[in-house]
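>>> mind looking at a prediction? Sequence and model below.
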Amino acid sequence: MFSSFLIKYAEIGVKGKNRYIFEDMLVRQIKYALKSVDAHKAVTKTSGRIFVDFEGDFDYDEVIESLQHVFGISGICPMVRIEDMEPENLYKEVVKYFDNVYPDKNKTFKVNARRSNKTYPLDSMELNATVGGALLDAFPELKVDVHNPEITVTVEVREKIFIYSEIIPGPGGLPVGTNGKAMLLLSGGIDSPVAGYMIAKRGVKIDATYFHAPPYTSERAKQKVVDLARYVSRYSGPIYLHIINFTDIQLYIYEKCPHEELTIIMRRFMMKIAEEIAKETECQALITGESIGQVASQTTHSLAVTNEVCTLPVFRPLIGFDKEDIVTISKKIDTYETSIQPYEDCCTIFVAKHPVTKPNLSVIKKHELNLNEKIDELVKIALETRETIIVSADEE
Ligand code: ATP
Ligand code: MG
């Protein structure tokens, strides 16, 4: 019965003069999200409202599901569009609408009419009274409650009339593309996909870097990361995924540095390399899935030592989260089942039995001098031989 959707957006309404930038980006992201929905559709912005209209058949559930992946949408209102605007027809249609949507009529309601089309013969007060009256006549069990109704039937009179009463929650946040771009260090774990999702939710476009260590990590472990990127891309839009062969760097550190410092030194090189790619690809920040105290390399001391190599800001949206809370989000965004597949990550292969938990920066730097002979060359090769693939939800 629904042919159109009114898109509600909360936060972007308050952006003052920049409002149109946010709205235009939202329209663009909605169009992108609906690309795979097979139907005649139009996404339009008129006087500060965004509408999605369908002509002919379409898959309602698929549309809702797609829109629920578009950051910036706070609510999705399925609407009925009335072509014949005669008041008598309007009353008939509202009664039909109400009957279809609410089988149980034992409810309180109010009518909320808005007339932006000033040529319409009834103003909003008159519409409230007459449409409400028509509903009461048709369903005597209904009761009017103007202050706290269970159901608010909105009637919008524009070039056509729209009726809606339900608001399906959207994902919230800000439209992707309104807040620059950041480079996500994406591993096969639970945390980093969630971190990427959270930053994309604030309107930031995402690229990703994955470090693999063949033959110590398998092709399957790499595929797992591609799969995770694809889940995140359902929200963030296409992701450029850079895959760095980290094996030689890892082996070289293993050969030259104390084993209990291996993880921390490795992480410093990961950040350095990710930052190189970030700068090259015009990202303004890095993103990791780190959370204080989760593992030895994420104590406050370790985070400080890792952070020291970076000049770009590092976004760590999970920094204060318990694992349980992160798992809850990963289930919500469908990455959990993929993340828990048991393929070795490059970090887990060379881990020492007793990694340092309070690394000392000057000691670490001193040990890194052992790498002087070859490390620059190895980093250069790693950057030059990287593989870049564009991951997007379309090619599922
Ligand atoms: P995750 O669940 O995201 O893998 P983790 O709990 O396993 O995190 P670490 O292995 O210490 O934690 O990694 C911390 C962060 O460093 C990750 O969240 C991710 O952002 C980044 N990272 C770790 N390993 C890799 C990798 N192989 N490639 C890219 N980024 C990585
Ligand atoms: Mg990991």
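Thanks, I have it. Ligands and ions are numbered 1, 2, ... in the order given.
>>> in the stretch 251-396 of the chain, which spans are helices?
The residue ranges that make up the helices of the stretch 251-396 of the chain, judged by DSSP state H, counting those that start in this stretch, are 262-280, 300-307, 323-332, 336-339, 346-349, 361-368, 375-384.
>>> revised request: answer the last question for the stretch 51-200 of the chain.
Remark: helices assigned in the stretch 51-200 of the chain by DSSP H, counting those that start in this stretch are 60-67, 87-101, 124-138, 191-200.
>>> partners of the helix or strand encompassing I244 in the sheet?
Taking DSSP states H and E as the criterion, the element that holds I244 is strand 239-245. In the sheet containing strand 239-245, the strands it pairs with under DSSP bridges are strand 205-212 (parallel), strand 387-391 (antiparallel).
>>> output those in CSV; the columns should cover mean pLDDT, distance to ligand 1 and mean neighbour count.
Using the backbone N, CA and C atoms, a C-beta is placed for each residue, glycine as well. Converted to CSV, the strands paired with strand 239-245 look like this (pLDDT from 0 to 100; distance: least, C-beta to the nearest ligand atom, whole Å; neighbours: other C-beta atoms under 10 Å):
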stretch, mean pLDDT, distance to ligand 1, mean neighbour count
strand 205-212, 97, 4, 26
strand 387-391, 98, 13, 14
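>>> picking up where we left off before, with just CA atoms, put the strand holding I244 into PDB.
This file holds the C-alpha atoms of strand 239-245, laid out as PDB (Å, rounded to 0.1, in the frame of the first residue of the first chain):
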ATOM      1  CA  ILE A 239      36.100   1.000   0.700                       C
ATOM      2  CA  TYR A 240      39.600   1.100  -0.900                       C
ATOM      3  CA  LEU A 241      41.300  -1.800   0.800                       C
ATOM      4  CA  HIS A 242      45.100  -1.700   0.700                       C
ATOM      5  CA  ILE A 243      46.700  -5.000   1.400                       C
ATOM      6  CA  ILE A 244      50.300  -4.800   2.600                       C
ATOM      7  CA  ASN A 245      52.600  -7.800   2.600                       C
END
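>>> how about that strand: buried residues?
Of the residues in strand 239-245, 239-245 count as buried by neighbour count, 16 or more other C-beta atoms under 10 Å.
>>> taking their axis directions, it and helix 262-280 sit at what angle?
An angle of 130 degrees separates the directions of strand 239-245 and helix 262-280 when computed by axes from the mean of the first three to the mean of the last three C-alpha atoms, to 10 degrees.
>>> in JSON lines: the strands paired with strand 239-245, plus distance to K160.
Converted to JSON lines, the strands paired with strand 239-245 look like this (distance: least, C-beta to C-beta, whole Å):
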{"stretch": "strand 205-212", "distance to K160": "36"}
{"stretch": "strand 387-391", "distance to K160": "40"}
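>>> hmm, who's touching stretch 77-95?
If you take C-beta atoms under 8 Å, 6 or more residues apart in numbering as the criterion, stretch 77-95 is touched by 1-8, 53, 60, 97, 120-122, 130-131, 134-135, 138-139, 153-155, 157, 160-164, 166-168.
>>> to clarify, my last question referred to stretch 322-339.
Residues from elsewhere that reach stretch 322-339, judged by C-beta under 8 Å, 6+ apart: 188-191, 193-194, 197-198, 224, 227-228, 231-232, 234-235, 289, 291, 294, 318.
>>> can you rerun that using 6 Å?
189-191, 193-194, 197, 227-228, 231, 318 (C-beta atoms under 6 Å, 6 or more residues apart in numbering).
>>> need the max-distance pair from those.
D227 and L318 (20.3 Å; C-beta to C-beta).
>>> between these two, which one's more packed in?
Set side by side, D227 and L318 give different neighbour counts by other C-beta atoms under 10 Å, the larger being at L318 (25 against 18).
>>> the more buried one and S291 touch, don't they?
Yes. The pair L318 and S291 qualifies as a contact (C-beta atoms under 6 Å) at a distance of 4.6 Å.
>>> report the secondary structure state of the residue most central in space within the chain.
The structure's the chain has its C-alpha centroid closest to Y235; by C-alpha atoms, centre = their mean the separation is 3.7 Å. Classification of Y235 using DSSP: H, G, I helix; E, B strand; the rest coil returns helix.
>>> list the contacts for it?
Under the criterion of C-beta under 6 Å, 6+ apart, the neighbours of Y235 are 69, 197, 200.
>>> for those residues, give me TSV that also has pLDDT and distance to ligand 1.
Supplementary listing: these in TSV, determined by pLDDT from 0 to 100; distance: C-beta to the nearest ligand atom, whole Å:
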residue	pLDDT	distance to ligand 1
H69	96	21
Y197	98	12
A200	98	14
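>>> ok, back up a step: what pLDDT does the residue nearest to the centre of the chain get?
Per-residue confidence at Y235 stands at 96 (pLDDT).
>>> how close does it get to D145?
38 Å (C-beta to C-beta, to the nearest Å).
>>> near ligand 1, which residues of the stretch 51-200 of the chain show up?
In this structure, the stretch 51-200 of the chain approaches ligand 1 at residues 185-187, 189-192, judged by C-beta under 6 Å from any ligand atom.
>>> that'll do, ta.
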